[in-house]
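Student: Quick check, what structure comes out for this input:
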Amino acid sequence: MGHASTGDLRERVVATLRRVAFLLERAQESGYRAEAFRGAARAVERLGADEVAARVAAGTLTDLPGVGARTAQVAADVAAGGAVDYLADLEQRLGTRASDAGPGAALRAALRGDLHSHTEASDGSSPLQEMVLAAVDLGHEYLAITDHSPRLTVANGLSAARLRVQLEQVAALNRAVTPFRVLTGIEVDILDDGTLDQDPDLLDELDVVVASVHSKLRMGREEMTRRMVAAVSDPRTDVLGHCTGRRLTGRPRPESEFDARAVFEACAEHGVAVEINSRPDRLDPPHALLDVAIEAGCVFSIDSDAHAPGQLDWQVAGCERAVEHDLGPERIVCTWPVERLLDRAERRVG
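Tutor: Now for the predicted structure:
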């Protein structure tokens, strides 16, 4: 077997393992299983092409840390050249969704990127590189990496020093993935007084700042309104993230109370995009508040808030919500070319 064919085998095995993980993540099936397949893909990718072929032939892939019997069987099926039964079953169950041809499909096709995603640096499950590869596969032109800020210790929020390390990693990755663009960013906590939880000078260096409330969600209506208006009035804020903080599944959480008209009018005044959060457990803002934001003249960012690569494909749910409210692509900032997006951010800070 020549080097080209062994290299091709390694690439096919890695791609198949990642596709399995992607489908599991997108469908919110077992995170443990999804990570098992992603871990196996990383283990195989680290090997030389000839070693992959030899281990598959000898049945010794399971000797590698991170490769179990099921993932090794998938690799063996790939090598055999026939159907990969495990993947075929997932494709049948999870590969096609009604939403793929639904009302949001055309708007989803118009999206160029995603402005809210997380990596293992905070509370995501995958490395930066895997999030970016998944975004490329989805046809995006850019992806903002917006890990949490220091105040959110439960999500391993990034200190200024850790964020600077990530900025160096993004710069290196951008050299490898051009013309795709990895945007530097953060999901910064809105503190009790409306200030942003990160060094202002460091925020000035970022491409995208998503500001979100994560604490004291039951704060009184007037206090919460002042807090949110202060945050979106900060020239460093680009996107107001999941504005009500509600959760619909798991351990449900009610909406925060605030004067929606005052907050959204401030967003419109200061050029801050209101996020249409596509996570199935959030779908924030609720329909009634989305109407208020539209009437206030806001622009919007349809974001996945992905914590795993397959979750990047959740954007279609946000697109469906936008279409329900007759929101066209001209008011969705993530349909814009990256140059226009960054020019807008630079004008706001400048």
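Student: Tell me which residues of the longest helix along the chain come out buried.
Tutor: Secondary structure of the chain read by DSSP state H shows that its longest helix is helix 3-26. Applying a neighbour-count criterion of 16 or more other C-beta atoms under 10 Å, one finds 6, 9-10, 12-14, 16-26 buried in helix 3-26. Glycine gets a C-beta too; all of them are placed from N, C-alpha and C.
Student: do the same with stretch 150-162
Tutor: Neighbour-count burial for stretch 150-162 flags 150-152, 155, 157-158 (criterion: 16+ other C-beta under 10 Å).
Student: which among these gets closest to residue 95?
Tutor: Distance to residue 95 across the buried residues of stretch 150-162 (C-beta to C-beta) is lowest for residue 155, with 30.8 Å.
Student: For the closest one, list the residues it contacts.
Tutor: Residue 155 sits next to 122-123, 148 when contact means C-beta atoms under 8 Å, 6 or more residues apart in numbering.
Student: From these, pick the one nearest residue 89.
Tutor: residue 123 (30.0 Å).
Student: pLDDT (mean, whole number) over whichever strand in the chain runs longest?
Tutor: Longest strand of the chain, by residue count under DSSP state E: strand 181-189. In this model, strand 181-189 has an average pLDDT of 98.
Student: TSV for the buried residues of stretch 150-162, including distance to residue 208 and pLDDT?
Tutor: Listed next are these as TSV, based on distance: C-beta to C-beta, whole Å; pLDDT from 0 to 100:
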residue	distance to residue 208	pLDDT
150	18	96
151	19	94
152	17	94
155	18	94
157	17	96
158	14	97
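Student: Can you redo the residues you listed as TSV, where the extra columns are distance to residue 177?
Tutor: Output for the buried residues of stretch 150-162, formatted as TSV (distance: C-beta to C-beta, whole Å):
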residue	distance to residue 177
150	28
151	31
152	28
155	26
157	26
158	22
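Student: I'd like to know which of the residues you listed is nearest to residue 200.
Tutor: residue 150 (13.8 Å).
Student: quick one, strands of the stretch 201-350 of the chain?
Tutor: Per DSSP state E, counting those that start in this stretch, the stretch 201-350 of the chain carries strands over the ranges 208-212, 239-240, 273-277, 300-303.
Student: Which strands border the first one, and is each parallel or antiparallel?
Tutor: Which is strand 208-212. The sheet places strand 208-212 alongside strand 181-189 (parallel), strand 239-240 (parallel), with pairing taken from DSSP bridges.
Student: Looking at the strands of the stretch 201-350 of the chain, spot the one closest to residue 341.
Tutor: strand 208-212 (8.1 Å).
Student: That closest one - what's its average pLDDT?
Tutor: For strand 208-212, mean pLDDT is 98.
Student: so where's the chain shaky on pLDDT?
Tutor: 1-5, 97-99, 347-350 (pLDDT under 70).
Student: what do you get if the cut-off is 50, keeping everything else the same?
Tutor: 1-4 (pLDDT under 50).
Student: Pick the most buried one from the strands paired with strand 208-212.
Tutor: Looking across the strands paired with strand 208-212 with neighbours counted as mean count of other C-beta atoms under 10 Å, the highest average goes to strand 239-240: a mean of 28.
Student: re earlier: possible to save the strands paired with strand 208-212 as TSV with distance to residue 332?
Tutor: Shown next, in TSV, are the strands paired with strand 208-212 (distance: least, C-beta to C-beta, whole Å):
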stretch	distance to residue 332
strand 181-189	16
strand 239-240	12
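Student: Residue 284: which of those is closest?
Tutor: Set against residue 284 and scored by C-beta to C-beta, the strands paired with strand 208-212 come closest in strand 239-240, at 10.3 Å.
Student: who's in contact with the residue nearest to residue 259 when sequence neighbours are not counted?
Tutor: Spatial nearest neighbour of residue 259, chain neighbours left out: residue 225 (4.3 Å); criterion: C-beta to C-beta, 6 or more residues apart in numbering. By C-beta under 8 Å, 6+ apart, residue 225 lies in contact with 258-259, 262-263.
Student: repeat that for 10 Å
Tutor: If you count contacts by C-beta atoms under 10 Å, 6 or more residues apart in numbering, residue 225 has them with 194, 219, 256-263, 266.
Student: Just the closest of these to residue 72, please.
Tutor: For the contacts of residue 225, the nearest to residue 72 is residue 256 (47.5 Å; C-beta to C-beta).
Student: Spit out the contact partners of that closest one.
Tutor: Counting by C-beta under 10 Å, 6+ apart, residue 256 has contacts 213, 216-219, 221, 224-225, 227-228, 242-246.
Student: Just the buried ones from these?
Tutor: Listed as buried from the contacts of residue 256 are 213, 217, 219, 224-225, 227-228, 242-246; burial here means 16+ other C-beta under 10 Å.
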